[in-house]
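Asks: Model the following, please.
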Amino acid sequence: MSPKSQHPLTRRQVLKFMAVGATGMMLAACVATPAPGAPAAAAPTTAAADANAPTPIPTVALNNYGKEDNAAVLWHGLTGADGTTFAKMLDQFAQKNPDAGVRSEAYVWDVFFQKFPTAVAAGTPPDMAIFHAAEVPQMASQSLIQPVDDIFFSTSKLPKEDFNPGLIKAITVEGDTMAVPFDNHGWVLYVNTKVISDAGLDPDKLPANGAEFIDWAQKVTVDEAGKHPTDSGFNPDKIKVFAVHFSWPRFSMPSTFWQFGGGTVSEDQKTALLDSQESTAAVQYWYDLMYKYYVAPPALPGIAGSYDMYKPGSLALMWDGSWSLNLFNDNPDIAPPVTRAQGLNSLAPDGHQASKIDSHIMAIPAGVQTDGIDRAAKLIQYLSDNGEFWATSGQVPARLSVQKKESVQDIWSVKAAAEAFNSIGRTEVPHKSFIEIQTAWETAVGAALAKTTPLAQALQDGNKQIQTILDRPS
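Replies: This is a model prediction of the structure:
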């Protein structure tokens with residue numbers, strides 16, 4: 001184990017992470033948030049008696065699998081459509097390992113990033129955690145996770161060469177591999193061929209750039225009276241079918257930034273780009289889709305999510321995650337051939353395509369002792385070795401050998417996602433303050449698209465925040 005894994009978290013580091021988490025929670029409150037579940041049962045009993053103790057942070061889902069007195073405690077944010085498949089994997093693990101068990105605590109991501117550093121600092125971390133490759137540099141820089149080379153790779157428990165070298169590089173900090181990749185995931189375009197055909201358009205001939213898309217989208221979008229946004233008497237408050245949905249800003253916005261040639265941070269990590277001409281144009285485009293052309297629902301609280309609009313045929317194109325396969329498994333009336341998956345359509349003037357991709361990774365927190373490491377290692381190895389089953393959630397397995405399996409290639413959405421990621425996929429610029437930067441731009445974009453702050457002002461304010469973060473001494 002590397003000495004850096006023993007460094008205690010400072011009070012300043014904890015407060016910084018708590019501040020980031022709190023800001024993220026406020027942002028999450030502006031959109032649909034999953035209902036909370038039971039509080040973590042592992043919280044110290046003295047906290048309940050302390051009137052000044054903080055309110056327990058709710059979980060989305062808390063489940064036990066197998067033997068509870070020797071369970072690996074796992075924290076993660078797999079609360080989307082892929083969560084059903086993940087729960088089955090944990091149940092299978094418990095059945096195949098009767099001497100072991102899993103306590104799974106699933107949190108919405110903003111809550112996870114508040115709770116996780118606090119638990120590590122308090123000396124009560126879970127045995128393992130699942131989050132994203134993009135967040136590894138910050139987690140490592142704050143000594144929140146420990147290296148895994150001596151646990152998995154140098155011991156040959158897992159073959160490092162069976163993972164994408166670029167991905168391994170992204171989760172390697174100062175020569176230490178800090179996590180085990182679980183999957184590759186990202187933004188995919190789901191095409192509702194029926195909705196498009198019903199509008200008198202060819203679903204095989206989608207618009208090639210932003211200008212074409214606006215014209216196309218106005219032909220697809222209709223109100224309850226059957227009128228299009230270009231028709232006299234069109235009612236923007238009674239729209240029956242939208243062309244597209246903004247969905248999750250965390251993926252939709254970076255994808256659009258890159259399509260327009262913008263971004264949030266320069267590749268050298270020195271310059272904030274949020275208020276650049278290109279990034280501003282990208283946000284303005286979505287703003288216009290919502291409020292000028294009325295072809296996308298506004299990014300406001302209470303608006304139905306992309307899944308809820310896509311299921312009944314109220315959405316022609318859905319920008320959403322590769323993890324959405326269970327949506328179609330549970331709703332066969334919108335499964336292929338009604339739906340086709342492919343790379344994101346371009347909204348940029350020049351037709352440039354780009355799509356945000358990332359990776360779920362499995363990490364062992366700092367402070368976990370030998371018995372906890374053993375429990376975590378057993379579960380991590382099982383999850384990595386069973387990527388073929390994880391692919392049934394729609395996620396692309398991280399193991400290269402598993403990606404090539406015929407059973408994986410036969411999954412329509414996984415095949416489409418893998419092809420899209422290889423051709424137009426792009427990862428965010430890593431930074432030791434990645435989560436804080438992400439919160440800054442999400443807050444700014446959210447304010448602009450919710451019309452609570454003028455667009456240019458919101459992006460300028462967000463850009464200043466990001467530049468301040470970048471300018472901090474190392």
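Asks: Which secondary structure state is assigned to Asp231?
Replies: Classification of Asp231 by DSSP: H, G, I helix; E, B strand; the rest coil places it in coil.
Asks: For it, grab phi and psi.
Replies: phi -90, psi 150 (degrees, to the nearest 10).
Asks: Give me the neighbour count for it.
Replies: For Asp231, the neighbour count with other CB atoms under 10 Å is 12. Glycine gets a C-beta too; all of them are placed from N, C-alpha and C.
Asks: Contact partners for Phe257?
Replies: For Phe257, the contacting residues are 263-264, 273, 278-279, 282, by CB atoms under 8 Å, 6 or more residues apart in numbering.
Asks: Please spell out the PyMOL selection for the buried subset of those.
Replies: Selecting only the buried entries of those in PyMOL, with 16 or more other CB atoms under 10 Å as the criterion:
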select buried, resi 263+264+273+279+282
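Asks: Just the ones of the contacts of Phe257 in strands?
Replies: Applying DSSP state E to those, no entry is found in strands.
Asks: Same list as before, the contacts of Phe257 that is, but in CSV and with distance to Gly210 and pLDDT included.
Replies: What follows is the contacts of Phe257, written out as CSV (distance: CB to CB, whole Å; pLDDT from 0 to 100):
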residue, distance to Gly210, pLDDT
Gly263, 17, 98
Thr264, 20, 98
Leu273, 19, 98
Glu278, 13, 98
Ser279, 15, 98
Ala282, 10, 98
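Asks: can you redo the contacts of Phe257 as a markdown table with distance to Pro332?
Replies: Below are the contacts of Phe257 laid out as a markdown table (distance: CB to CB, whole Å):
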| residue | distance to Pro332 |
| --- | --- |
| Gly263 | 39 |
| Thr264 | 39 |
| Leu273 | 43 |
| Glu278 | 41 |
| Ser279 | 40 |
| Ala282 | 36 |
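Asks: Closest to Ala363 out of the contacts of Phe257?
Replies: Thr264 (24.0 Å; CB to CB).
Asks: how near is that closest one to Asn463?
Replies: Thr264 sits 9 Å away from Asn463, going by CB to CB, to the nearest Å.
Asks: Which residues are in contact with each of the two?
Replies: Common contacts of Thr264 and Asn463, defined by CB under 8 Å, 6+ apart, comprise 272-274.
Asks: Closest to Glu105 out of the residues you listed?
Replies: For the shared contacts of Thr264 and Asn463, the residue nearest Glu105 by CB to CB is Leu274; the value is 33.4 Å.
Asks: Dihedrals phi and psi, the closest one?
Replies: The phi/psi pair for Leu274 (degrees, to the nearest 10) reads phi -60, psi -30.
Asks: just the strands in the stretch 201-350 of the chain please.
Replies: 222-223, 239-241, 317-321, 339-342 (DSSP state E, counting those that start in this stretch).
Asks: so what does the last one touch, helix or strand wise?
Replies: Same thing as strand 339-342. strand 183-192, helix 412-424 (3 or more CB pairs under 8 Å, 6 or more residues apart in numbering; DSSP states H and E).
Asks: pull the helix or strand with minimum mean pLDDT from the chain.
Replies: helix 45-49 (a mean of 33; mean pLDDT, DSSP states H and E).
Asks: before we move on, back to that, which one of the strands of the stretch 201-350 of the chain has the most crowded surroundings?
Replies: strand 317-321 (a mean of 25; mean count of other CB atoms under 10 Å).
Asks: mean confidence for it?
Replies: Strand 317-321 carries an average pLDDT of 97.
Asks: Stretch 243-258 too?
Replies: 97.
Asks: Please point out which parts of it sit buried.
Replies: So stretch 243-258, judged by 16+ other CB under 10 Å, has buried residues 243-258.
Asks: now do stretch 167-185
Replies: 167-168, 170-173, 176-185.
Asks: For these, work out which two are farthest apart.
Replies: Using CB to CB for every pair in the buried residues of stretch 167-185, the one that comes out farthest apart is Asp176 and His185, at 24.1 Å.
Asks: Tell me who's in contact with Ala299.
Replies: Contact analysis of Ala299 by CB under 8 Å, 6+ apart lists 31, 246, 249, 286, 290, 446, 449-450.
Asks: Just give me the neighbour total for the residue lying closest to it once chain neighbours are set aside.
Replies: Leaving out its chain neighbours, the residue that sits closest to Ala299 by CB to CB, 6 or more residues apart in numbering is Leu449, at 4.0 Å. For Leu449, the neighbour count with other CB under 10 Å is 25.
Asks: Same question for Gln138.
Replies: By other CB under 10 Å, neighbour count at Gln138 equals 23.
Asks: From Thr439, how far out is it?
Replies: 12 Å.
Asks: hey, where'd the strands end up in the stretch 351-474 of the chain?
Replies: Going by DSSP E, counting those that start in this stretch, the stretch 351-474 of the chain shows strands at 355-358, 360-365, 396-397, 425-426.
Asks: what's the closest of these to Lys115?
Replies: Minimum separation from Lys115 across the strands of the stretch 351-474 of the chain (CB to CB) falls at strand 360-365, 11.7 Å.
Asks: got the angle for that closest one vs strand 183-192?
Replies: Interaxial angle, strand 360-365 versus strand 183-192 (axes from the mean of the first three to the mean of the last three CA atoms, to 10 degrees): 150 degrees.
Asks: Buried deepest among the helices and strands packed on strand 339-342, which one?
Replies: Comparing these by mean count of other CB under 10 Å gives strand 183-192 as most buried, with a mean of 24.
Asks: Dump the C-alpha coordinates for the helix or strand just after that one into PDB.
Replies: Once the chain leaves strand 183-192, the next helix or strand it forms, by DSSP states H and E, is helix 193-198. Provided in PDB are the C-alpha atoms of helix 193-198 (Å, rounded to 0.1, in the frame of the first residue of the first chain):
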ATOM      1  CA  THR A 193     -38.900   5.800 -35.500                       C
ATOM      2  CA  LYS A 194     -42.700   5.700 -35.000                       C
ATOM      3  CA  VAL A 195     -43.000   9.300 -33.700                       C
ATOM      4  CA  ILE A 196     -40.900  10.500 -36.600                       C
ATOM      5  CA  SER A 197     -42.700   8.500 -39.200                       C
ATOM      6  CA  ASP A 198     -46.100   9.700 -37.900                       C
END
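Asks: quick one: which of the strands of the stretch 351-474 of the chain is nearest Val414?
Replies: Nearest of the strands of the stretch 351-474 of the chain (CB to CB): strand 396-397, 5.8 Å.
Asks: which helices and strands does the closest one pack with?
Replies: Against strand 396-397 (3+ CB pairs under 8 Å, 6+ apart) you get strand 183-192, helix 387-390, helix 412-424.
Asks: With distance to Ile357 and mean pLDDT added, can I get these in a markdown table?
Replies: Formatted as a markdown table, these follow (distance: least, CB to CB, whole Å; pLDDT from 0 to 100):
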| stretch | distance to Ile357 | mean pLDDT |
| --- | --- | --- |
| strand 183-192 | 3 | 96 |
| helix 387-390 | 16 | 97 |
| helix 412-424 | 5 | 93 |
